[in-house]
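Participant: mind folding the following:
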Amino acid sequence: MNSRAALIAGLFASAMATASCGDSVNGIPATPAAPTGPSSLSEFLQPRLSGNWGGELTLVDVKGGTGAARTAGALECVGAAFDRVIGERNDHTLSITQSGNDLTATLVSAGTGLSCEYTGRIGSDKTFVLHAGQCTEKVLNFLCPDGRTRTLDLVGSSVTARFDDPVNPTSISGTAAHTYNINDPESPLGAMVANHSFSSLTRR
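Facilitator: I've put the predicted structure just below:
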């Protein structure tokens, strides 16, 4: 009696298992489970730029009130000071956070401590552009040969860059332009743009 009951129970369980994996008991095909996975391959094809990138930025030229107009009165000593350090290199860190094609980033100079916070977007042909929404309030101070003092406030910046691989970049190159307001202790005097180049920012 017990063996017969066990046999019936086993056959019932086997039938139920077959029905659950294939057709239902009334002949209607069972609905297959929806496949899981990404809805698009685009997320796998985007360049992976998130992370910390580091390397040297080189001062290549200065433009604006202290650029071509080197004898512009009170601005002259600031222009001359930058002229003396054209070609100077300073280590920088570019920290990038990525959401799709949108980027947020922070660029920090190890030499001066100045930094800017950027937003931007990945473009075509392995490029991206960043524009600073906020820079540090730290001031650079200059003492002119005649004893006058000047201060430079970093008020804006932009970065135009290219990376070396469309999916797994290992190096970033480009230019960074920093805009400064020039002031004396009593009043604003003008503005200047310092242009930097970088040939190989790598992951840190």
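
Participant: show me where pLDDT drops low in this protein?
Facilitator: Where the chain drops to pLDDT under 70, the residues are 1-44, 64-76.

Participant: again, only using 80
Facilitator: Within the chain, the stretches with pLDDT under 80 are 1-45, 64-77, 79-81, 83, 133, 137-139, 145-146, 185-189.

Participant: now the strands for it?
Facilitator: 51-64, 89-99, 102-109, 115-122, 127-135, 139-143, 149-163, 172-183, 188-203 (DSSP state E).

Participant: between those strands, which one is nearest to Leu45?
Facilitator: Closest to Leu45 of the strands of the chain is strand 115-122 (Cβ to Cβ; 11.4 Å). To be clear about C-beta, it is placed using only N, CA and C from the backbone, and glycine gets the same treatment.

Participant: partners of that closest one in the sheet?
Facilitator: Each strand that pairs with strand 115-122, with its direction, by DSSP bridges: strand 102-109 (antiparallel), strand 127-135 (antiparallel).

Participant: and that strand, what's buried?
Facilitator: For strand 115-122, burial by neighbour count (16 or more other Cβ atoms under 10 Å) applies to Ser115, Cys116, Glu117, Tyr118, Gly120, Ile122.

Participant: take the strands paired with strand 115-122 and lay them out in TSV including distance to Asn90.
Facilitator: Converted to TSV, those look like this (distance: least, Cβ to Cβ, whole Å):
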stretch	distance to Asn90
strand 102-109	6
strand 127-135	16
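
Participant: tell me which of those strands sits nearest to Gly174.
Facilitator: Nearest to Gly174, of the strands paired with strand 115-122 and by Cβ to Cβ, is strand 127-135 at 8.3 Å.

Participant: mind listing what's buried along that closest one?
Facilitator: Along strand 127-135, these residues count as buried under the neighbour rule (16+ other Cβ under 10 Å): Phe128, Leu130, Ala132, Cys135.

Participant: ok, which of the strands of the chain comes nearest Asp83?
Facilitator: Of all these, strand 51-64 sits nearest to Asp83, with 7.2 Å by Cβ to Cβ.

Participant: CA atoms only: put that closest one into PDB for me.
Facilitator: Extracted C-alpha coordinates of strand 51-64, given in PDB (Å, rounded to 0.1, in the frame of the first residue of the first chain):
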ATOM      1  CA  GLY A  51      38.700  58.100 -12.500                       C
ATOM      2  CA  ASN A  52      41.700  60.100 -11.600                       C
ATOM      3  CA  TRP A  53      44.100  61.200 -14.400                       C
ATOM      4  CA  GLY A  54      47.400  62.900 -13.700                       C
ATOM      5  CA  GLY A  55      50.400  64.400 -15.500                       C
ATOM      6  CA  GLU A  56      52.100  67.700 -16.300                       C
ATOM      7  CA  LEU A  57      50.500  70.800 -17.800                       C
ATOM      8  CA  THR A  58      52.900  73.200 -19.600                       C
ATOM      9  CA  LEU A  59      52.300  77.000 -19.700                       C
ATOM     10  CA  VAL A  60      52.500  77.800 -23.400                       C
ATOM     11  CA  ASP A  61      51.400  81.500 -23.700                       C
ATOM     12  CA  VAL A  62      49.500  84.300 -22.100                       C
ATOM     13  CA  LYS A  63      46.800  86.400 -23.800                       C
ATOM     14  CA  GLY A  64      44.700  89.400 -22.900                       C
END
